[in-house]
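Visitor: Following is a predicted model, sequence given first.
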Amino acid sequence: QVQLVESGGGLVQAGGSLRLSCAASGRTFNKYAMAWFRQAPGKEREFVAVINWSGSSTYYAESVEGRFTISRDNAKNTVYLQMNSLKPEDTAVYYCAYGLGYTRERDYDYWGQGTQVTVSS
C-alpha cells in the first residue's frame with residue numbers, strides 16, 4: 001500500500017515558477033515509477049511527466065517539455081515537479097501517481113488527492 005500527499009500548489013503569475021512535492025508512505029516507494037497528471041476545469045485528466053524508479057529516466061508531455069522538471073529523492077520518499085515559465089493554460093489540479101511508468105491513467109494504482117495550481121495572466 002502506498003499513500004501519496006501532494007503539496008506546493010498555489011496562485012502564481014504567468015512566467016512564474018512553482019515546485020510541487022509528493023510525499024509517499026510505504027516501503028515500496030523506490031520500486032516503481034512516479035508520475036504527475038493534471039486536470040483542468042471541464043477537461044479530462046492528462047499526463048504531465050513521469051520518472052522511473054531510480055530517477056535515471058524521465059518523459060514529458062509535449063506541452064510542458066523544457067519548462068517542467070520531474071525528480072525524485074528515494075531517501076525522502078518524495079517526487080517533485082519544478083514548474084517554470086508557467087502559463088495560464090497550466091492552471092489545473094495536479095496529481096501525483098505511483099505505478100508502472102507509462103502515460104495512461106490506468107497504469108497507476110495509487111493517486112494523491114491533488115493540489116491546485118492557478119496561473120494568472
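Guide: Good, I have the coordinates. Residues are numbered from 1 along each chain as shown.
Visitor: C-alpha only now, for contacts and for neighbours.
Guide: Will do.
Visitor: Poorly predicted segments of this structure, please.
Guide: Along the chain, the parts satisfying pLDDT under 70 run over 27.
Visitor: Now do the contacts for the residue nearest the centre of the chain.
Guide: Geometric centre of the chain, nearest residue: Trp36, 2.5 Å, by CA atoms, centre = their mean. Listed by CA atoms under 8 Å, 6 or more residues apart in numbering, the contact set of Trp36 reads 47-50, 81, 94-97.
Visitor: one more time with 7 Å
Guide: Contact partners of Trp36, counting by CA atoms under 7 Å, 6 or more residues apart in numbering, are 47-50, 94-97.
Visitor: before we move on, what about Asp107?
Guide: Counting by CA under 7 Å, 6+ apart, Asp107 makes contact with 99-101.
Visitor: picking that back up, Arg19: which of the contacts of Trp36 is nearest?
Guide: Closest to Arg19 out of those is Tyr94 (11.4 Å), distances taken as CA to CA.
Visitor: hmm, back to that, and the residue nearest to the centre of the chain, bridged to which residues?
Guide: Taking DSSP bridges as the rule, Trp36 bridges to Ala49, Cys96.
Visitor: And Leu18, by the same measure?
Guide: Applying DSSP bridges, one finds that Leu18 bridges with Met83.
Visitor: any chance you could map the strands in this structure?
Guide: In the chain, the strands defined using DSSP state E lie at 3-7, 10-13, 18-25, 33-39, 46-51, 58-60, 68-73, 78-83, 92-99, 108-111, 115-120.
Visitor: ok and the fifth one relative to strand 68-73, angle-wise?
Guide: Using axes from the mean of the first three to the mean of the last three CA atoms, to 10 degrees, one finds that strand 46-51 and strand 68-73 are set 40 degrees apart in direction.
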